[in-house]
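>>> Provided below are the primary sequence and the corresponding predicted coordinates.
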Amino acid sequence: MLESTKESLKLEAMKRVVGLIARGKNASELFPAVVKNVASKNIELKKLVYVYLVRYAEEQQDLALLSISTFQRALKDPNQLIRASALRVLSSIRVPIIVPIMMLAIKEAATDLSPYVRKTAAHAIQKLYSLDPDQKEHLVEVIEKLLKDKSTLVAGSVVMAFEEVCPERIDLIHKNYRKLCNLLMDVEEWGQVVIINMLTRYARTQFVSPWRQDGVFEENSEKAFYDSDEEKKEGAAQTKPYVMDPDHRLLLRNTKPLLQSRNTAVVMSVAQLYWHLAPKHEVSVVTKSLVRLLRSHREVQYVVLQNIATMSIQRKGMFEPFMKSFYVRSTDATHIKTLKLEILTNLANEANISTILREFQTYVKSQDKAFAAATIQAIGRCATNISEITDACLNGLVLLLSNRDETVVAESVVVIKKLLQTQPSQHSDIIKHMAKLRVPVPMARASILWLIGEYCEHVPRIAPDVLRKMAKTFTSEEDIVKLQTVNLAAKLYLTNSKQTKLLTQYILNLGKYDQNYDIRDRTRFIRQLIVPNEKSGALSKYARRILLAPKPAPVLQSAFKDRDRFQLGTLSHTLNSKATGYLELSDWPDVAPDQSVRNVEVAKEWAPGVSKTKPAKSDDDKFYSDSGEEEEAEGSDSGSSSGGSEDSSDSSSGGKLWARMCARGRFMSLNSSSSEVIHVVHCFCLSRLFPVQVSSPVFVPVRPHELLHRMTGKGLAAQYHFPRQPCIYGDHMVSVQLTFNNHGDHALEDIHISEKTSTGQSIHCFRPIERLEPEASVTVSVGVDFNDSTQAASFQLCSKTERFSVSIQPAVGELLLPVTMTEQDFSREQGKLVGMNESSATITMAPETVSSQPVSKKVVSVANVGVVPSGQDNVFAAKLVSSGTLVLVCVVQKDSSAQLTVNTERTVVGSMLLRELQTALSSAP
């Protein structure tokens, strides 16, 4: 079928081959037949061939090399998917001889118009670097170029390439730091994880520690950010308290919403970022998100619980309110149970220990022997850490010595041995009780023997008898028991030689001929140490001090105590060992590096003659006067005359306007926020490059939406609608009109909006309504910056006595403002917004919607767009309110069907608008 002359048969064959690969079957024998179809003109067939070649190009290198010319031609293909697939196959051929060809292809793909191809180029960088590390310098140049890319599709891939090729080149991140922080919300989930981990390492090198006692953590620190004079005060670094860097705060603020991500890796990445970077009082914001992940799969639970175990050692208060979430379930696997047990032990304190011990009593009865043993160890740790319950825990463990389960008894003996070392004189009865036990587990028997030997003075009658019994079974005991028997014999020889001298000699003779060389060596050493003879040296004089020296009580510590040396969420932390490729977090710098390295000079590119404008005058009224404009214009002309006469009249007038704005200091003052500066520069550049003007909207009937029902509002009802007018409060805000009605029987006072929103959008509030009489209504206007997103703006609507949580949900069409342009301008701009920036669909229109008037009427009813004069097609243009990005809509009718196309850089907005227009045009009017 692969060698058939019919394209349909070849396509069917390739689908079957790819299906075999997906099921894990080996299809490498078909490589010669598949590679012949790489030059096919059928797009679908070519895509499947490339999928196959990516899988087997590394194994069949010789055959793949024969098709390199075809891959090079495909790099120029008009279809972005073919270009990207060709580059992917080319980078999968692991042959050093084609490194120059791969390098050239990557450089060309890095400048491709399609962000998907640029993303593939970033992936190819890592493959080329692993093949030929000598290409690092050239690859770093490509990475530096791709880091400046503004597409969210490229960001994650290029940061991954940066981490693989040149993670030490922190200087490449400086200028792109704020852009990466702001793009983080829109990047794909895999890219979010990579970027967050990279920014964590970056922040540890560029900001000072926020864990200082004199910290000030207000977010509104723009004044300190722009006012460079404050940094130049003598001795300021030593005397003034810590103030968080605005870029440090930007990172924390932009990652916090990702705690609500559906992807567990993203949530874990944000959690580790807050753990390593946030002030101590802010780290607790990650607690609920981490606890939420415990409802996920077993593998996810394992990783999350390991990280929580590390956190809970240092910050018990974070997880103590959620202690019940760590109770063990019967369906949990053993390793999950053990981790939950570890966390509960870490969270134990005087207040909750009674609850935890009741829970542990249940766990000890578990049929899972390993878990029951781990529970006994946890009880011992709690008894060690909390002295008030040591006696109660000891009594409980002694009761377990009568348990039928040998594992439980053995573990109890081991734990009791450790606890008795803290206060042996008070618990001689327990030692006597343990001496009478017949425990078959070697570790437990060895622990009992060690206890009797160490505290033989407290049980002088029982110890010799225990030694006698052990001498009978010495040859059949395990090695660890034999060693402790020899030690017991030596200690009793020194303290009670009259009763145990012969027994000790007998045991030493048995050990002298034992099969284990450790026991033979120990026996010879003990004999020379305790039994005096002619060959004995000076060491025998100190035998009692050596063998009977007081031993310090063991410290029962968590197994996760030393894991904080690894970054949370990494493979090294999970394995508790440094894995290949692990990048350590650096310590906080004592003095913060210069923060100006992250400043991006936006204005210089657009106004080369600004530096020669006249200084601003004190009389601001002249800014709008004719004389003032003439003076500024003259200054501008004289300043730019040396630059040449190739500028057009439009550009020169734009330069004069820019010069006047900068000279007056209206927009570029040090007190202005960075977002305002960038917004002005964006609008100025847009006006020079493309003359877009906002037009008046087409009239459509008002469609009110309910904001607050009168039953919920206790008599206060509220509705909102979008008047589709430019907002008077700001160019980047959407105008919204609110109508309040009082359906109650008493007047409402002080109706206003809370300043804070729960979703982060900025809202320009209306003036408080002092009084609203019964059955009266009032309409007010507010401005909302939705940030070009359909996420609802939630806030609190307040009266004098009540507070109501409400939200304004915008349709995607209400985020637009209509603009005017000619048909030629529309075609030119549409030609720039192709590929990933274009969304299209073919729809079947209702018979009543075939005429042109209903088409434009329906489009305008869905979206606030302007009609572009056109000969045949229905063409519409608008811009997004917040960013000013163009949105172009074209409806081409063909009998009863129509081709609907939406072009915009914001692909999410484009796809949402396409769906709404498709629904509206398919339905009857």
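Thanks, I have the structure now. Since this is a predicted model, take the numbers as computed values, not measurements. Residues are numbered from 1 along each chain as shown.
>>> what stretches of this structure score poorly on pLDDT?
1-5, 212-240, 423-427, 533-539, 553-555, 601-692, 755-760, 846-853, 872, 924-925 (pLDDT under 70).
>>> Strands along the stretch 751-900 of the chain, start to end?
762-764, 769-772, 777-785, 793-798, 803-808, 816-820, 838-844, 866-868, 874-880, 886-894, 897-904 (DSSP state E, counting those that start in this stretch).
>>> okay if I get those as a markdown table plus mean neighbour count and distance to residue 42?
No exception for glycine: its C-beta is placed from N, CA and C like everyone else's. Shown next, in a markdown table, are the strands of the stretch 751-900 of the chain (neighbours: other C-beta atoms under 10 Å; distance: least, C-beta to C-beta, whole Å):
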| stretch | mean neighbour count | distance to residue 42 |
| --- | --- | --- |
| strand 762-764 | 18 | 51 |
| strand 769-772 | 16 | 67 |
| strand 777-785 | 17 | 48 |
| strand 793-798 | 19 | 48 |
| strand 803-808 | 15 | 49 |
| strand 816-820 | 23 | 39 |
| strand 838-844 | 15 | 21 |
| strand 866-868 | 20 | 37 |
| strand 874-880 | 24 | 33 |
| strand 886-894 | 21 | 25 |
| strand 897-904 | 21 | 23 |
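>>> Same list, those strands, but as CSV with distance to residue 543 please.
Listed next are the strands of the stretch 751-900 of the chain as CSV, based on distance: least, C-beta to C-beta, whole Å:
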stretch, distance to residue 543
strand 762-764, 81
strand 769-772, 94
strand 777-785, 84
strand 793-798, 78
strand 803-808, 79
strand 816-820, 93
strand 838-844, 89
strand 866-868, 101
strand 874-880, 88
strand 886-894, 92
strand 897-904, 89
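>>> To residue 128, which of these lies closest?
Closest approach to residue 128 among the strands of the stretch 751-900 of the chain (C-beta to C-beta): strand 838-844, 30.7 Å.
>>> now the closest one against strand 886-894, angle please.
30 degrees (axes from the mean of the first three to the mean of the last three C-alpha atoms, to 10 degrees).
>>> circling back to that earlier point, what about the strands of the stretch 751-900 of the chain, which gets the closest to residue 405?
With C-beta to C-beta as the criterion, residue 405 lies closest to strand 803-808 of the strands of the stretch 751-900 of the chain, at 54.9 Å.
>>> Parallel or antiparallel, list what pairs with that closest one.
strand 793-798 (antiparallel) (DSSP bridges).
>>> returning to that earlier point: to residue 190, which of the strands of the stretch 751-900 of the chain lies closest?
Judging the strands of the stretch 751-900 of the chain by C-beta to C-beta, what sits closest to residue 190 is strand 838-844, at 23.0 Å.
>>> give the contact list for residue 510.
By C-beta atoms under 8 Å, 6 or more residues apart in numbering, the residues touching residue 510 are 471, 474, 475.
>>> Could you dump these into JSON lines and include neighbour count?
Converted to JSON lines, the contacts of residue 510 look like this (neighbours: other C-beta atoms under 10 Å):
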{"residue": "471", "neighbour count": "18"}
{"residue": "474", "neighbour count": "19"}
{"residue": "475", "neighbour count": "12"}
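>>> Restricted to helices, list those.
Of the contacts of residue 510, the ones assigned to helices by DSSP state H are residue 471.
>>> now the contacts of residue 510 in a markdown table, with distance to residue 310?
Output for the contacts of residue 510, formatted as a markdown table (distance: C-beta to C-beta, whole Å):
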| residue | distance to residue 310 |
| --- | --- |
| 471 | 48 |
| 474 | 45 |
| 475 | 47 |
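>>> So for residue 73, which of the strands of the stretch 751-900 of the chain sits nearest?
Counting by C-beta to C-beta, residue 73 lies closest to strand 838-844 out of the strands of the stretch 751-900 of the chain; the figure is 24.5 Å.
>>> Show me what the closest one packs onto, helices and strands only.
strand 897-904, helix 907-922 (3 or more C-beta pairs under 8 Å, 6 or more residues apart in numbering; DSSP states H and E).
>>> Tell me the buried residues in the longest one?
Taking 16 or more other C-beta atoms under 10 Å as the neighbour-count basis, helix 907-922 is seen to contain the buried residues 907, 909, 910, 912, 913, 914, 917, 918, 920, 921.
>>> Of all the helices and strands packed on strand 838-844, which one is nearest residue 773?
By C-beta to C-beta (comparing all of the helices and strands packed on strand 838-844), the closest turns out to be helix 907-922, at 39.7 Å.
>>> Give me the angle between the closest one and strand 897-904.
160 degrees.
>>> Check which helices and strands helix 907-922 is in contact with.
strand 838-844, helix 852-862, strand 886-894, strand 897-904.
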